[in-house]
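Enquirer: for reference, the sequence and a predicted model appear below.
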Amino acid sequence: MAAAERDEEFRAYVVANRSALVRTATFLACGDHHVAEDLVQTALMRMYVAWPRVRKDTVDAYARKALVNALIDTRRRGFARHEHSRAEIPDVVALDPPAPTDTEHAVFAALAALPARMRAAVILRHLSELTVAETAEALGCSEGTVKSQTSRALDQLRESLTAAGLPLGARGPDEPATARTS
Amino acid sequence: MSDITELFQAIGPDGTGDPAAATVDGDLLRGRGALVKAHRRAVVRRSMLATGTLVVAAAVAVTATQVGGSGTTAAGGKSEPTQAVHRSHHTASAVKLVDWTGAQLNGFTVDEVPAGWHLSTSTQSALLITPDGSTNNDPDVFVDKLTVLLASTDEQSFPKDGQQVTVNGRPGVVWNGGEEMLGYTDAAGHRVVVQAPDALHWTADQLVAFAEGVHVTSNAVAGVG
């Protein structure tokens, strides 16, 4: 693939999908916008390298997998805090994201209490609304593992959010069946 | 829809809307840097497999020759080569800086360019400089171009583990992102990244020397997002 063609296709993909990736990454990073941006940059960098091998009909799945891998790698290397510490150089005030609402604070804190893969499972199932099979593909695990991880994640989220004053409805087999009450 | 899904959908950043052009430029830049790095690693790996570790140094040398083979001696084109050489350089093959006497482009002005190179094109956040005779004037393609990029204000920081340098009296850092990169914040607060292609064979000092002649004008705009 010619460099210009690769750049053109990649640019079009980034323009169309970057905001959605940042949103998913923000949940994976438990509301830390800096870590979320790192995850997206890492995922997109890997996608660019692999671009000629990425099938157009699976490019979104590839992106989700790259995002999750970036999260797992970050956790594995233990540099989540190190990655976004500032160098001495910038003295320009970047545009800060809006301060989190109370609900966001509670949800992101609850997500932060989950192990990374369990968190990824519940986010892909309930934010990205992927199927169990699609989630299993993104996480590189079995569908049974996705179901069990999601179920346990929902239990823990429900407990944490109730304690934080955000009670949710009773849980079904994999998904809660009733709307939250607040 | 489950209550958790409803809750997730009610919070967090908006997942729609186009990112800023400079943000996309940054993604491209990082991707291309990673690709160059991957190619280099592949060349060295193949060389090691073929002839053993004793020839690794030779393989690296061959790689450098191959990568640097294009553009360094391009002649002709629209630059106006005059131009006294201003600085001594550390390596014999490095392309020297000469005064730029041609037209300046929107967003940036430069005092000097590599000998045999000219200002190709610019966007509101990037200036691209190419070898004379190059026909690649696509403003979205940075491959084999000397690029000055106004970094997104949302990007967090330059790498901390690079070589610390001084650009016009202000701190900067040089690192290898596949190609030699220099990041610094100028006196007006612009966060500037200069990417030098391997064809220039520039050291950190040469990158800094070029950057000290770069001026970001009021027409240049850094993206956010």
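Expert: Yep, it's here.

Enquirer: can you list the low-confidence ranges for chain B?
Expert: Counting by pLDDT under 70, chain B has low-confidence residues at B:1, B:40-92, B:140, B:152-156, B:177-178, B:223-225.

Enquirer: please, where are all the strands along it?
Expert: B:97-99, B:108-110, B:112-114, B:117-122, B:126-131, B:146-150, B:163-167, B:170-176, B:180-185, B:191-196, B:214-216 (DSSP state E).

Enquirer: for chain B, give me its nearest residue in chain A.
Expert: Nearest residue of chain A to chain B: residue A:48, at 2.5 Å (CB to the nearest CB). Just so you know, the C-beta spots here come from the backbone N, C-alpha and C atoms, and that holds for glycine as well.

Enquirer: look at that residue and give its secondary structure.
Expert: Classification of residue A:48 by DSSP: H, G, I helix; E, B strand; the rest coil places it in helix.

Enquirer: tell me the contacts of it?
Expert: A:6, A:10, B:27, B:28, B:30, B:31, B:32, B:34, B:35 (CB atoms under 8 Å, 6 or more residues apart in numbering or on different chains).

Enquirer: if we use 6 Å, what do you get?
Expert: A:10, B:31 (CB atoms under 6 Å, 6 or more residues apart in numbering or on different chains).

Enquirer: still on that earlier bit, using CSV, lay out the strands of chain B together with mean neighbour count.
Expert: CSV is the format used below for the strands of chain B (neighbours: other CB atoms under 10 Å in any protein chain shown):
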stretch, mean neighbour count
strand B:97-99, 21
strand B:108-110, 20
strand B:112-114, 23
strand B:117-122, 21
strand B:126-131, 26
strand B:146-150, 25
strand B:163-167, 17
strand B:170-176, 19
strand B:180-185, 24
strand B:191-196, 23
strand B:214-216, 19
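
Enquirer: per-residue pLDDT, the residue of chain A closest to chain B?
Expert: If you check residue A:48, the pLDDT there is 93.

Enquirer: equivalent analysis for the one 5 residues further on, please.
Expert: The predicted local confidence for residue A:53 comes out at a pLDDT of 84.

Enquirer: what number of residues lie near it?
Expert: For residue A:53, the neighbour count with other CB atoms under 10 Å in any protein chain shown is 8.

Enquirer: next, give phi and psi for it.
Expert: phi -90, psi -10 (degrees, to the nearest 10).

Enquirer: with chain B in mind, check whether the lengthiest helix in chain A reaches it.
Expert: Secondary structure assigned by DSSP state H gives helix A:3-28 as the longest helix of chain A. Yes - shown here: helix A:3-28 in contact with chain B (CB under 6 Å from any CB of the partner chain) through A:3, A:4, A:7, A:11, A:14, A:15, A:18, A:19, A:20, A:23, A:26.

Enquirer: relative to chain A, how far out is residue B:106?
Expert: From residue B:106 across to chain A, the span is 21 Å (CB to the nearest CB, to the nearest Å).

Enquirer: how about the residues of chain B near chain A?
Expert: So chain B meets chain A at B:2-5, B:7-8, B:11-13, B:15-19, B:24, B:27, B:30-31, B:34-35, B:38, B:140-141, B:143, B:153-154, B:156-158, B:160, B:171, B:185, B:189, B:191, B:224 (CB under 6 Å from any CB).

Enquirer: now, of those, which are buried?
Expert: With burial judged by 16 or more other CB atoms under 10 Å in any protein chain shown, the buried subset of these is B:2-5, B:7-8, B:11-13, B:15, B:19, B:24, B:27, B:30-31, B:34-35, B:140-141, B:143, B:153-154, B:156-158, B:171, B:185, B:191.

Enquirer: tell me which residue is most central in chain B.
Expert: Centroid-nearest residue in chain B: residue B:195, 1.4 Å away (criterion: CA atoms, centre = their mean).

Enquirer: buried sites along the longest helix of chain A?
Expert: A:6-7, A:9-11, A:13-14, A:17-28.

Enquirer: ok, now stretch A:62-73?
Expert: Quick answer for stretch A:62-73 (16+ other CB under 10 Å): A:62, A:63, A:64, A:65, A:66, A:67, A:68, A:69, A:70, A:71, A:72.

Enquirer: what sits up against it?
Expert: Contact with stretch A:62-73 is made by A:25, A:28, A:39, A:42, A:43, A:46, A:47, A:54, A:116, A:120, A:138, as judged by CB under 6 Å, 6+ apart.

Enquirer: burial measure for residue A:159, as a count.
Expert: 13.

Enquirer: next, it: secondary structure please.
Expert: Taking three-state DSSP, the label given to residue A:159 is helix.

Enquirer: retrieve the pLDDT associated with it.
Expert: 92.

Enquirer: closest residue of chain B to chain A?
Expert: Closest point on chain B to chain A, by CB to the nearest CB, is residue B:31, at 2.5 Å.

Enquirer: residue A:45 is in contact with that residue, correct?
Expert: Yes - if you go by CB atoms under 6 Å, residue B:31 and residue A:45 touch, sitting 5.1 Å apart.

Enquirer: what about residue A:141, how many residues nearby?
Expert: 15.

Enquirer: which SS state does it fall under?
Expert: coil.

Enquirer: can you report how many residues neighbour the nearest residue to residue B:216 once chain neighbours are set aside?
Expert: Among residues not flanking residue B:216 along the chain, residue B:190 sits closest, at 4.4 Å (CB to CB, 6 or more residues apart in numbering or on different chains). By other CB under 10 Å, 20 other residues sit near residue B:190.

Enquirer: what of residue B:93?
Expert: Neighbour tally, residue B:93, other CB under 10 Å: 12.

Enquirer: apart from its neighbours in sequence, what residue is nearest it?
Expert: Nearest one to residue B:93, counting by CB to CB, 6+ apart, is residue B:201 at 4.7 Å.
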